[in-house]
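> structure of the sequence below:
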Amino acid sequence: MQGTIDGFHYGLVTPVAGYIMACLGAALGLRCTVRSLRTDRSWKPGWLALGAASIGCGIWTMHFIAMLGFQVQQVSISYDAPLTILSLVVAVVVVAVGVFMVGYRGTAPAVLLSAGVLTGLGVAAMHYLGMAAMRIDGQVEYDPLVVALSVVIAIGAATAALWAAVSIRGFLASLGASVVMGVAVTGMHYTGMAAVSVRVDEIAGPRSVGGSPAVEMLPMLIGPLSFLIIAGVVVMFDPMLIMGDDEPAARTRAGRPAAAHAAESRPRVPSRTPFFDERSDGARQENTTDLTFSRSVP
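From the prediction side, this is the model:
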């Protein structure tokens, strides 16, 4: 028989909490990537790795917090721990591949498109691998068209995230971008969940009714949540963020290099009198400017 799905068992608590975690992971990832553009080359891989892990953990945490609200009324749900952890590894690895690609090769269209497609497919794989980890007395079925739409959204979200990671500079701009990225990630998740239907086995016993996955999932969420908190502490105590100096050294204002503006901001020194030139040999000679005086001849 067809199972009765409740995707919002706890109301808005799980989608809002999941969205916040997606935004947090995106914000930390953006700030870490900006740091990689300002730091010494020996530190660049570390900042990129921290940013990729933050985005990956944010996406994964958003998915499974949202799944806490997913219920099938006729049966209980549990999760296979190894597959669940594997989905976390997939999320971090595929995001890292995309971040390192754009971090070292820039956002040229071919590079950005390749990295976005690869990362988006990886994020979608994480989502459906997490769904495969679900253990239920029945069969989970998917609407292929809605699944395809969720993959397209994942690719679009991943491409936008990678572009923002190396293109958006200011702190407030990064926060705004993370809010948009959180919407995209959450939208991808719930689009994928809209494709789900469950056919419950007729032999499912009464003991299966009313179960909740929260007891199993919360311990697995502790690790990624702790990592995001630690990453947040690292970013917040970074000296450049505290001083507000989070712009690249080569930034431009009105299309000109920062060095030109620094030169313009120096105090102007009054120029020498125009009637004399300094020569390389140190001699001072009168300027060639002719001063003509007319005298009347008696």
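
> in which helix or strand would I find Ser197?
Element membership for Ser197 (DSSP states H and E) is strand 196-200.

> got it, and Gly103?
Applying DSSP H and E, one finds Gly103 within helix 81-105.

> okay, buried residues for the helix or strand that that helix is followed by please.
Sequence-wise, the next helix or strand downstream of helix 81-105 (DSSP H and E) is helix 109-132. Within helix 109-132, the residues scored as buried using 16 or more other Cβ atoms under 10 Å are 111-112, 114-116, 118-120, 122-131. Yep, even glycine has a C-beta here, placed from its N, CA and C like the rest.

> kindly report the same for stretch 14-28.
14-15, 17-28.

> about what we covered before: could you give the mean pLDDT of the helix holding Gly103?
The pLDDT scores in helix 81-105 average 90.

> and it, what does it pack onto?
If you count contacts as 3 or more Cβ pairs under 8 Å, 6 or more residues apart in numbering; DSSP states H and E, helix 81-105 packs onto helix 13-38, helix 44-67, helix 109-132, helix 144-167, helix 214-236.

> how far away from the center of its chain is the shortest one?
The chain centroid and the centroid of helix 214-236 are separated by 17 Å under Cα atoms, centre = their mean, to the nearest Å.

> which of the residues in the helix holding Gly103 are buried?
84, 86-88, 90-92, 94-96, 98-103.

> cool, stretch 134-141 as well?
In stretch 134-141, counting by 16+ other Cβ under 10 Å, buried: Met134, Ile136, Asp137, Gly138.

> can you give me the first-to-last residue distance of it?
The straight-line separation of the ends of stretch 134-141 (Cα to Cα, to the nearest Å) is 12 Å.

> would you confirm that Val166 contacts Arg38?
No: Val166 is beyond contact range of Arg38, at 11.9 Å (criterion: Cβ atoms under 8 Å).

> which one of the two is surrounded by more residues?
Neighbours per residue (other Cβ atoms under 10 Å) separate Val166 from Arg38, with Val166 holding more: 21 against 17.

> residues touching the more buried one, list them.
Residues counted as contacts of Val166 (Cβ atoms under 8 Å, 6 or more residues apart in numbering) are Thr33, Leu37, Val102, Gly103, Gly106, Thr107.

> now the fourth one: closest residue in space that isn't a chain neighbour?
Meaning Gly103. Leu48 (4.7 Å; Cβ to Cβ, 6 or more residues apart in numbering).
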